[in-house]
Structure formats: C-alpha cells, structure tokens
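Q: My questions concern the predicted model and sequence given below.
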Amino acid sequence: MPQIVVLPHIELCPEGTVIEAPAGKSLCDALLENGVDIEHACEKSCACTTCHVVVREGFNALTPSEDDEDDMLDKAWGLEPNSRLSCQVILNNTNLTIEIPRYTINMAKEGGKK
C-alpha cells in the first residue's frame, strides 16, 4: 500500500500525518477515511477546487490530469505546477507527500454560475 505523508495544515492536520491507503482509491477518499477532513464541496465530482492539494513528492508517478481537472485547477487558490484535485488522483503504488493549501475557493458555492 502506498504511504501518504500529509504535511501540517493549521486546521485540518496541525501535526501532519502519515497514512496508508490501497492503490485504486482516490486520494480524497483516503484522506477522509484517515481523519483528514479535506473539504469536498462538489461531492468529489470534479466541479470545485476545495480538495486541491499540492503533490510535493510522487507527482510524476501519478496518472496525468484530464482536461476537466485542469480547467478547475485554473481556478484554484495557490495553484502550482504540481497541483491536483485530490478527488481525481487515483492512488497507485507510489508514496506521496502532499500539502493542503491554507485556503480554498469553493467554486460550487462562491464561484458558481451567475
């Protein structure tokens, strides 16, 4: 099982944590199932940016993002070249180190269609 190192986040994981999750599971589900209450306003349907993470280690081993994810990521706060939506990352056997940005933009609520 891959190991996921979650760097400290002031609200969600102040001490940081290390979790294990099976390959084939989404990163968002793995976080939620292991007590990291990452926001997921669109219920993991790739329609918001609240589950945005920055993959600090292991990024290149992930399946590349698809156009829908890239379109949403363009709207994410603190976008970096190694940013992903955790609901779209399907774990493989690669260990990851992730950082959850301090802020999120709830596109389902704040930036939705007018």
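A: Sure, I can see it.
Q: What strands line up against the longest strand that the chain contains, and which way round?
A: Ordering each strand of the chain by length in residues (DSSP state E) puts strand 52-57 first. With DSSP bridges as the test, strand 52-57 is paired with strand 83-85 (antiparallel), strand 96-99 (antiparallel).
Q: following that strand, which helix or strand comes up?
A: Scanning forward in sequence from strand 52-57 by DSSP states H and E, the next helix or strand is helix 67-73.
Q: who does that next one touch, helix- and strand-wise?
A: strand 83-85 (3 or more C-beta pairs under 8 Å, 6 or more residues apart in numbering; DSSP states H and E). C-beta here means a position set from N, CA and C on the backbone, and glycine is covered the same way.
Q: on that earlier part again, quick one: closest of the strands paired with strand 52-57 to Pro8.
A: strand 96-99 (8.8 Å; C-beta to C-beta).
Q: What residues of stretch 58-76 count as buried?
A: Applying a neighbour-count criterion of 16 or more other C-beta atoms under 10 Å, one finds Gly58, Phe59, Leu62, Ser65, Glu69, Met72, Leu73, Ala76 buried in stretch 58-76.
Q: What lies in contact with it?
A: 46-49, 52, 55, 79, 82-85, 88-90, 92, 94-97, 101, 104-105, 107, 111 (C-beta atoms under 8 Å, 6 or more residues apart in numbering).
Q: at 7 Å instead, please
A: 46, 48-49, 52, 55, 79, 82-85, 88-90, 92, 94-97, 105, 107, 111 (C-beta atoms under 7 Å, 6 or more residues apart in numbering).
Q: Likewise for stretch 42-53?
A: Looking at what lies outside stretch 42-53 - C-beta under 7 Å, 6+ apart - the contacts are 26-28, 38-41, 68-69, 72-73, 75-76, 83-88, 98-101, 104-108.
Q: Nearest to Leu7, out of the strands paired with strand 52-57?
A: Nearest of the strands paired with strand 52-57 (C-beta to C-beta): strand 96-99, 4.5 Å.
Q: Show which residues not belonging to that closest one make contact with it.
A: Under C-beta under 7 Å, 6+ apart, the answer for strand 96-99 is Pro2, Ile4, Val5, Val6, Leu7, Val53, Val54, Val55, Arg56, Glu57, Gly58.
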